[in-house]
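Enquirer: take a look and give me a structure for this.
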Amino acid sequence: MDCLKPLWIALSTYSAIPVPQCGWDEKSLARSFCFLPAVGLLIGAAQGAWLWLCWLAGFNLLLRSAVAVAVPLLVSGGIHMDGFCDTMDALASHQPPQRCLEIMKDSRAGAFAIIYCGVYLVLDLGLVSEAAGLPGVFCLIFTLSRAVSVLSVLSRKNARGGGMLAQFQQPAQTLLVRRCAWGWIAVCAVVMDFCDLYAGTGALLGAVAAWFAYHAMAERRFGGITGDTSGFFVQTLELAMLAGMALGQAAEIARFALCGSF
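Expert: From the prediction side, this is the model:
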């Protein structure tokens, strides 16, 4: 059972899936980051099952997309969306970095958190309705977003120097965790492009754009990353990859249209 402790820690912390409870030690904490993308894999599996059911039952596009938006929140327990809302509260305040960190730490949800959560879900619904027709790419973005988030945590300064993020960040500074993160990313990238070259490439380009935009923002507005901004990153990564998928599909349609006109 000890060999499964890192997996149980990852699932108990970053998902709402019931798992055996175990004690936390530094070695298990370090290796738990290797299994964070596995939470995304479970979300992708749930999405695939739902899309298959929709195909069998002939459910309409709105119902299919609405449940697909809800699945990641239900499986993850909303932990990343909580970070997104806290971060948006801080960003919308336009305060200095130290004050922004204090706002994020406040457990109460401000008006901007509610507003931008609503905006996010509406955008997500629209993009999912475009992307869910390519399940091979769509179902993997949840794994890829978490693998990229692990690299972010390992490569950036903790703005607080403590908190829940530090519990995982400091022990995880190992070559094993970095190799695992890159392994997850490589497998996701290859499979996504194999499933659909245009949509897969669009999703990967969306992830790259989100990486640079997020880290520039985090450094400028907070002086580094926190657990909340990491949750914000996972959510915005998924939105950016969905947008990239939509643009990739549009590019593919345009190419066929141009080729057909000659």
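Enquirer: and stretch 158-175, average pLDDT?
Expert: For stretch 158-175, mean pLDDT rounds to 64.
Enquirer: check residue 110 and give its pLDDT.
Expert: For residue 110, the model assigns a pLDDT of 80.
Enquirer: just residue 92 next, same as before
Expert: 87.
Enquirer: return the host helix or strand of residue 115 as PDB; C-alpha atoms alone will do.
Expert: With secondary structure defined by DSSP states H and E, residue 115 is part of helix 111-131. Below are the C-alpha coordinates for helix 111-131, written out as PDB (Å, rounded to 0.1, in the frame of the first residue of the first chain):
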ATOM      1  CA  ALA A 111     -18.600  40.100  -6.300                       C
ATOM      2  CA  PHE A 112     -15.900  39.900  -9.000                       C
ATOM      3  CA  ALA A 113     -15.300  36.200  -8.100                       C
ATOM      4  CA  ILE A 114     -19.000  35.500  -8.800                       C
ATOM      5  CA  ILE A 115     -19.100  37.600 -12.000                       C
ATOM      6  CA  TYR A 116     -16.000  36.100 -13.600                       C
ATOM      7  CA  CYS A 117     -16.900  32.600 -12.600                       C
ATOM      8  CA  GLY A 118     -20.200  33.100 -14.500                       C
ATOM      9  CA  VAL A 119     -18.300  34.500 -17.500                       C
ATOM     10  CA  TYR A 120     -15.900  31.600 -17.400                       C
ATOM     11  CA  LEU A 121     -18.700  29.000 -17.400                       C
ATOM     12  CA  VAL A 122     -20.500  30.700 -20.300                       C
ATOM     13  CA  LEU A 123     -17.300  30.800 -22.400                       C
ATOM     14  CA  ASP A 124     -16.500  27.200 -21.400                       C
ATOM     15  CA  LEU A 125     -20.000  26.100 -22.500                       C
ATOM     16  CA  GLY A 126     -19.600  27.700 -25.900                       C
ATOM     17  CA  LEU A 127     -16.100  26.300 -26.400                       C
ATOM     18  CA  VAL A 128     -17.000  22.800 -25.200                       C
ATOM     19  CA  SER A 129     -19.900  22.700 -27.700                       C
ATOM     20  CA  GLU A 130     -17.300  23.200 -30.400                       C
ATOM     21  CA  ALA A 131     -14.700  20.900 -29.000                       C
END
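Enquirer: show me which residues of the following helix or strand past that helix are buried.
Expert: Sequence-wise, the next helix or strand downstream of helix 111-131 (DSSP H and E) is helix 135-138. By neighbour count with 16 or more other CB atoms under 10 Å, helix 135-138 contains the buried residues 135, 137, 138. The way it works is simple: take the backbone N, C-alpha and C, and place the C-beta from them, glycine included.
Enquirer: picking that back up, which strands and helices lie in contact with the helix holding residue 115?
Expert: helix 61-76, helix 79-93, helix 135-138, helix 227-260 (3 or more CB pairs under 8 Å, 6 or more residues apart in numbering; DSSP states H and E).
Enquirer: distance to residue 217 for these - can I get that in CSV?
Expert: Putting the helices and strands packed on helix 111-131 into CSV (distance: least, CB to CB, whole Å) gives the following:
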stretch, distance to residue 217
helix 61-76, 22
helix 79-93, 8
helix 135-138, 26
helix 227-260, 8
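Enquirer: closest to residue 150 out of those helices?
Expert: Of all the helices and strands packed on helix 111-131, it is helix 227-260 that lies closest to residue 150, at 9.4 Å by CB to CB.
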